[in-house]
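Asker: Whatever this is, show me its structure:
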Amino acid sequence: MKRTSSLEELEGVRRPPPPADATRLVATAHDLRRRPIGTLDAEGLRLLITQDVGLPYLLPLAVELLRADPLVEGDLYEGDLLSAALTRAASAWSEVPDAARELRDIVSGPLGSGDLPPSLRAEAAGFLDVTGRA
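Answerer: Below you'll find the predicted structure:
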């Protein structure tokens, strides 16, 4: 994966600029799609992942950050990137099986046994159910 490429380049889809009255979310997502994916921070990844944008490219990057700090925080709350990743559809994870396996290891290891807040524990259980525990 080329971290110096943007989602627009990787997907081969260039969208027109958002309309002047676009919401902040739409404008921000549009801007993030044009940045090299290797420059996206936890918040950029969280925002795009929750919008189901560029998942085959962004989920592996998110897992890299989560490996270093499972409760890494974007702009919302501790663990918001983990929550975004855990709540993606199983079909998204089937496209990146190595990343799915690594995230399963993260949430089923010591972190998953009690250091997660209750809401993240529930999301982790759901993720393990839909992606398989093995």
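
Asker: roughly how far apart are P16 and E8?
Answerer: The gap separating P16 from E8 is 11 Å, by CB to CB, to the nearest Å. Using the backbone N, CA and C atoms, a C-beta is placed for each residue, glycine as well.

Asker: Quick check on the two: which one has the bigger neighbour count.
Answerer: Comparing P16 with E8 by other CB atoms under 10 Å, the one with more neighbours is E8, at 15 against 6.

Asker: residues touching that one, list them.
Answerer: Neighbouring residues of E8 by CB atoms under 8 Å, 6 or more residues apart in numbering: R14, R15, R33, R34.

Asker: Please report which of the residues you listed has the highest neighbour count.
Answerer: Neighbour max across these (other CB under 10 Å) = R33, 20 neighbours.

Asker: could I have the helix or strand containing that one exported to CSV, CA atoms only?
Answerer: R33 is part of helix 24-34, with elements assigned from DSSP states H and E. Once non-C-alpha atoms are left out, helix 24-34 reads as follows in CSV (Å, rounded to 0.1, in the frame of the first residue of the first chain):
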residue,chain,number,x,y,z
ARG,A,24,-18.4,20.3,8.3
LEU,A,25,-18.4,16.5,8.2
VAL,A,26,-18.7,16.4,4.4
ALA,A,27,-16.1,19.1,3.9
THR,A,28,-13.7,17.4,6.3
ALA,A,29,-14.1,14.0,4.8
HIS,A,30,-13.6,15.4,1.3
ASP,A,31,-10.4,17.1,2.4
LEU,A,32,-9.1,13.9,4.1
ARG,A,33,-9.7,11.9,1.0
ARG,A,34,-7.2,14.1,-0.8
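
Asker: other SSEs contacting that helix?
Answerer: Under the contact definition 3 or more CB pairs under 8 Å, 6 or more residues apart in numbering; DSSP states H and E, helix 24-34 sits against helix 7-11, helix 42-50.

Asker: Pull the distance from the shortest one to the chain's centre.
Answerer: It stands for helix 7-11. Chain-centre distance of helix 7-11: 16 Å, with CA atoms, centre = their mean, to the nearest Å.
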